[in-house]
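Chemist: any chance you can model this:
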Amino acid sequence: MDYKAPVETYTGKVREVVLGKGPKAVKVGGESVLPLHNFEGTTPNLPKLAMQILDMAPENWPEWAVEPFKDVVNDPVKWAQKCVSLGADIVSIELDSTDPAGKNMPADAAAAMVKAVNDAILVPLIVWGPGDEKKDVEVLTRVAEVCAGENLLLGPALKETYEAIGQAALKFGHCVIAQSPLDINLMKELNIKLSKFFPAERIIIDPLSSPLGYGMEYSFSLMERVKQTGVIFKDAMTQMPIIANLAIESCKPKETKSDRKQGILWEALAAVTLLLAGANILNVVHPETVKLLKDMMAGKI
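Modeler: Take a look at the predicted model:
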């Protein structure tokens, strides 16, 4: 007697979000199954790999993370182009230079630089503010205006900043990263508020991500729960695609700073773990991580 594996089918579906425009447009989400359960339903879009760059030379990245880009880290345009040549589906730029506690570069300069990067690459662009609430609003609203119509992905939009950032993204034609601190109820609350004036099909969830270690179990269990709630129980506020922003986090642990091979594998294993949890976009640093993940998704390893 032949064995026939049991198959579950669900009526819930993750929304499909389009990033970028024209020939550089990329679709994320759209699946009606749990992570990697392609045998049970439709997964129209494989997870996408974003490579992280900064708008200035990194000051605290480990050597293994900087080494592939040491010739371009002082030029964000060239850095972004190199990421694309190394297989990035998306480029993700963090505007570190605008941090009020650092160089405090003005929003106009940051927006002009983002436009130059976006114009130079043929993949979508994610733009992260410096992590200061007031400066995030100032910088991201200006970026939205200068890059009007380019359908960038802007973030983070927090409970304190979602209105200003969301209104700018809505006015100038962009998508938004809704970020909440590892709590599904706070995440749903933010999505409900944002969705009152902003299209849900232009929202990406960032529940916060940890690299390997103590925090990973929190990231994994939350992402898993979000995906299950959306696909199995059809909760509309958990049916947005998820971004796992583990790039910078993977550069912080002491274990990743001490050894190149260990650092790359640390990032790759963290990415695979969050892929299994349901991430639709994986934001990473190293090109070898990109290659490992692409080979895995293609069934080569």
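Chemist: just checking, Ile93 is part of a strand?
Modeler: Yes: counting by DSSP: H, G, I helix; E, B strand; the rest coil, Ile93 falls inside a strand.
Chemist: neighbours of it, how many?
Modeler: By other Cβ atoms under 10 Å, 26 other residues sit near Ile93. For the C-beta atoms, the positions are set from N, CA and C on the backbone; glycine is no exception.
Chemist: got any ranges where the stretch 151-300 of the chain has weak pLDDT?
Modeler: For the stretch 151-300 of the chain, the stretches flagged by pLDDT under 70 are 214.
Chemist: how about 50 then?
Modeler: By pLDDT under 50, the stretch 151-300 of the chain has no low-scoring segment.
Chemist: which residues of this structure fall in strands?
Modeler: Shown for the chain, the strands assigned by DSSP state E span residues 16-19, 26-29, 48-54, 90-94, 125-128, 153-157, 175-179, 203-206, 243-245, 281-284.
Chemist: quick one: closest of those strands to Tyr3.
Modeler: strand 26-29 (32.5 Å; Cβ to Cβ).
Chemist: excluding its backbone neighbours, what's nearest the residue positioned nearest the centre of the chain?
Modeler: The centroid of the chain falls nearest to Ile243 when counting by Cα atoms, centre = their mean (3.9 Å). Of all residues not flanking Ile243 in the chain, Ile281 sits nearest, at 4.2 Å (Cβ to Cβ, 6 or more residues apart in numbering).
Chemist: ditto for Ile184
Modeler: Arg225 (5.8 Å).
Chemist: same deal with Pro199?
Modeler: Leu170 (7.8 Å).
Chemist: which residues touch the one you found?
Modeler: Shown in contact with Leu170 (Cβ atoms under 8 Å, 6 or more residues apart in numbering): Phe197, Phe198, Pro199.
Chemist: let me know whether Asn118 touches Ile126 as I believe.
Modeler: No: with contact defined as Cβ atoms under 8 Å, Asn118 does not reach Ile126; the gap is 10.5 Å.
Chemist: okay, and the common contacts of the two?
Modeler: Leu152.
Chemist: now do the helices in the stretch 101-250 of the chain.
Modeler: 107-120, 133-146, 162-172, 184-195, 216-231, 247-250 (DSSP state H, counting those that start in this stretch).
Chemist: make TSV out of the strands of the chain and add distance to Val143.
Modeler: Listed next are those as TSV, based on distance: least, Cβ to Cβ, whole Å:
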stretch	distance to Val143
strand 16-19	15
strand 26-29	19
strand 48-54	15
strand 90-94	10
strand 125-128	6
strand 153-157	7
strand 175-179	12
strand 203-206	16
strand 243-245	18
strand 281-284	18
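Chemist: closest one to Gly215 among those strands?
Modeler: strand 243-245 (12.5 Å).
Chemist: give the partner strands of that closest one in its sheet and their orientations.
Modeler: With DSSP bridges as the test, strand 243-245 is paired with strand 281-284 (parallel).
Chemist: what are the contacting residues of the partner strand?
Modeler: Residues contacting strand 281-284 (Cβ under 8 Å, 6+ apart): 28, 47-52, 90, 92, 126, 204, 241-247, 250, 267-268, 271, 274-275, 290, 293.
Chemist: follow-up on the earlier one: would CSV of the helices of the stretch 101-250 of the chain with distance to Glu40 be doable?
Modeler: Listed next are these as CSV, based on distance: least, Cβ to Cβ, whole Å:
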stretch, distance to Glu40
helix 107-120, 37
helix 133-146, 38
helix 162-172, 34
helix 184-195, 23
helix 216-231, 10
helix 247-250, 31
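Chemist: out of these, which is the most enclosed?
Modeler: Comparing the helices of the stretch 101-250 of the chain by mean neighbour count (mean count of other Cβ atoms under 10 Å), helix 247-250 ranks first with a mean of 25.
Chemist: distance between that helix and the chain's centre?
Modeler: 12 Å (Cα atoms, centre = their mean, to the nearest Å).
Chemist: can you show me the CA trace of that helix as CSV?
Modeler: Extracted in CSV, the C-alpha atoms of helix 247-250 (Å, rounded to 0.1, in the frame of the first residue of the first chain):
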residue,chain,number,x,y,z
ALA,A,247,21.7,42.1,8.9
ILE,A,248,22.9,44.6,11.5
GLU,A,249,21.9,42.3,14.4
SER,A,250,24.1,39.5,13.0
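Chemist: by contact count, what packs against it?
Modeler: The contact analysis (3 or more Cβ pairs under 8 Å, 6 or more residues apart in numbering; DSSP states H and E) places helix 247-250 against strand 48-54, helix 260-277, strand 281-284.
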